[in-house]
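Output the structure for:
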Amino acid sequence: MAFLTIARVWFWRFAGRACTICLLAFLVPRAVAANPATPAAEYQLKAVFLFNFAQFAEWPEKAFTDARAPLVIGLLGEDPFGAYLDDLVKDEKIDTHPLQVRRFATIEDATPCHILFISRSEATHLGNIVAQLKGRSILTISDADTFTRAGGMVRFVTESGKIRLRINVEAAKACNLTISSKILRPATIVTAGKD
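Numbering: from 1, shown residues only. Below is the predicted model of the structure:
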């Protein structure tokens, strides 16, 4: 009986998150029309993807200082999201970890951090950035053209007006990160040195 109760709780928790994500994806174009100061629809969708990664990736226990430490989504370089990403994750938690957004001017500042979006403004430094993060349990994400070739984990690619994912699973595993099959299924899996 207890097992069924736990299964129901997990089902409704997952269903609630999935509905929220679908609703956000539906409302993004309306939000842009209502407030021209919001970032472009492309970056609103990418913000939703970052939120999804927070839910559907797993970090080793040692990646958090304690059970209530925040799960930090970091932004390195120019910020294409504005306040939209902050508003999206406000008051959200992943298990016992509240979500938090932090902005970093340099890669040396990017601690603590669990997800790091590396802006296109950092494209000329990708190799150096990825090298400095090697072995750290930080899920690296970017939309820079050569990101996965440089050893990054997740690259956003826009094809025919749609955002696609290219994921280097080997790079994630090397940093003790697990990405859910829910994210991997629609993605293109790549290896280091390829885009």
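
Flag the shaky bits of this protein, pLDDT-wise.
Scanning the chain for pLDDT under 70 picks out the ranges 1-38, 192-195.

check contacts around the residue nearest in space to the middle of it.
For the chain, the residue nearest the mean C-alpha position is residue 50 (2.9 Å; CA atoms, centre = their mean). Contact partners of residue 50, counting by CB atoms under 8 Å, 6 or more residues apart in numbering, are 73, 85, 115, 117, 141. The way it works is simple: take the backbone N, C-alpha and C, and place the C-beta from them, glycine included.

Among those, which ones are in strands?
Cross-referencing those with the strands (criterion: DSSP state E) gives 73, 115, 117, 141 as the overlap.

What residues sit buried inside the longest strand along the chain?
Ranked by residue count, the top strand of the chain under DSSP E comes out as strand 97-104. Residues 97, 99, 100, 101, 102, 103, 104 are the ones in strand 97-104 that count as buried (16 or more other CB atoms under 10 Å).

Then residue 125 would be within a helix, right?
Yes: with the criterion set as DSSP: H, G, I helix; E, B strand; the rest coil, the secondary structure at residue 125 is a helix.

Run through the residues that contact the spatially closest residue to residue 82 that is not a sequence neighbour.
Computed as CB to CB, 6 or more residues apart in numbering, the closest residue to residue 82 that is not its neighbour in sequence is residue 39, at 5.0 Å. Taking CB under 8 Å, 6+ apart as the criterion, residue 39 is in contact with 47, 80, 81, 82, 84.

most surrounded residue in the ones in strands among the contacts of residue 50?
residue 117 (29 neighbours; other CB atoms under 10 Å).

Residue 151: neighbour count?
20.

and what of residue 124?
Using other CB under 10 Å, the number of residues around residue 124 comes to 8.

And the helices in this protein?
Assigned by DSSP state H, the chain shows helices spanning 2-34, 41-56, 84-89, 126-133, 169-174, 181-184.

tell me what the shortest one is packed against?
Same thing as helix 181-184. With contacts taken as 3 or more CB pairs under 8 Å, 6 or more residues apart in numbering; DSSP states H and E, helix 181-184 sits against helix 41-56, strand 162-167.

Nearest to residue 182, out of those?
Residue 182 sits nearest to helix 41-56 of all the helices and strands packed on helix 181-184, at 5.4 Å, using CB to CB.

if we can go back for a sec, turn the ones in strands among the contacts of residue 50 into TSV, columns for distance to residue 54.
What follows is the ones in strands among the contacts of residue 50, written out as TSV (distance: CB to CB, whole Å):
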residue	distance to residue 54
73	6
115	6
117	12
141	11
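
Which two among those residues are spaced furthest apart?
Taking CB to CB as the measure, the ones in strands among the contacts of residue 50 reach their widest spread between 73 and 141, a distance of 9.3 Å.

okay, and the common contacts of those two?
Between them, residue 73 and residue 141 share the neighbouring residues 50, 115, 117, with contact defined by CB under 8 Å, 6+ apart.

about what we covered before: can you tell me which of the helices and strands packed on helix 181-184 is most buried?
helix 41-56 (a mean of 20; mean count of other CB atoms under 10 Å).
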